[in-house]
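Engineer: Need coordinates for the below:
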Amino acid sequence: MKNDNTNVLIKENARKLFFSCGLTSVSMDDIAKKAGVSKRTIYEFFEDKNELVDEIVHDLMRSYSTLFKTSQSTAEDAIDEVIKQDDELLEIWTSIRPGFFYDLERTFPEAFEQLEQYKLIILKGIILNLRRGKKEGNYREDIDNALVSDLRFHQLINVMRPELLTSHELNVTQLARECTVLYLHSITTEKGKKLLEKYLNKTAYPPLTSDGEIT
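Structural biologist: The predicted model follows:
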């Protein structure tokens, strides 16, 4: 009978290598060395690298699903939900270099397609949040849910590439917070803006000054 602990050990160490170094540059030998097991042991659990990558992508999708469900059930309101999601997503994303997704699309198209399909779930989560915010009176009634959810989704994807900025040097955490604050300011009512300020005053993220420096 296969040892579940060994399975988890292999996946955890493969995940660390894939997220930090990308997929194509990491070999099964590298994973075996990192996990402290033989390559033969890895093949007892995974037929090949494709299957290992598939498992890690599934785990990533499950972590996203849990994150959205938890934030929806524990948040006091729609604004609080977005802020909770922002904080939790950063814990996942800051460990993943963009090269992982580039390699996934180029070298493991089936696994990438699964991740692409999951985008629909993320978009649905954004739309549900918009509906919740409108019902609470915290979001503007005149915003187009489909359009705004699309814009928010692409905003979330691009926070992983702070190097695209030409006017500021921000890390992923800083860029994500700035994007989220701009997003919420653009869709909130006066009532919602007061709630937003209350939540922002509780956080440990310092605002940017007008010249782009962190205060």
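
Engineer: Show me what secondary structure element comes after the lowest-mean-pLDDT helix or strand in the chain.
Structural biologist: Least confident helix or strand, the chain: helix 78-93 with a mean of 82, by mean pLDDT, DSSP states H and E. For helix 78-93, the following helix or strand on the C-terminal side (DSSP states H and E) is helix 98-107.

Engineer: What is the subsequent helix or strand relative to that next one?
Structural biologist: helix 109-136.

Engineer: and the angle for that following helix with helix 98-107?
Structural biologist: Going by axes from the mean of the first three to the mean of the last three CA atoms, to 10 degrees, helix 109-136 is angled at 120 degrees with respect to helix 98-107.

Engineer: about what we covered before: ok, residues contacting the least confident helix or strand of the chain?
Structural biologist: 60, 63-64, 67-68, 70-72, 74-75, 129-130, 132-133, 136, 138-139, 156, 159-160, 172-173, 176-177, 180, 183-184, 188, 192, 195-196, 199, 203 (CB atoms under 8 Å, 6 or more residues apart in numbering). (Each C-beta comes from the backbone N, C-alpha and C, glycine too.)

Engineer: Show me which residues of the helix or strand harbouring T66 are buried.
Structural biologist: Per DSSP H and E: T66 is located in helix 49-74. For helix 49-74, the neighbour count (16 or more other CB atoms under 10 Å) marks 49, 52-57, 60, 64, 67-68, 71-72 as buried.

Engineer: Output the contacting helices and strands for it.
Structural biologist: Contacts defined by 3 or more CB pairs under 8 Å, 6 or more residues apart in numbering; DSSP states H and E place helix 49-74 against helix 4-21, helix 78-93, helix 109-136.
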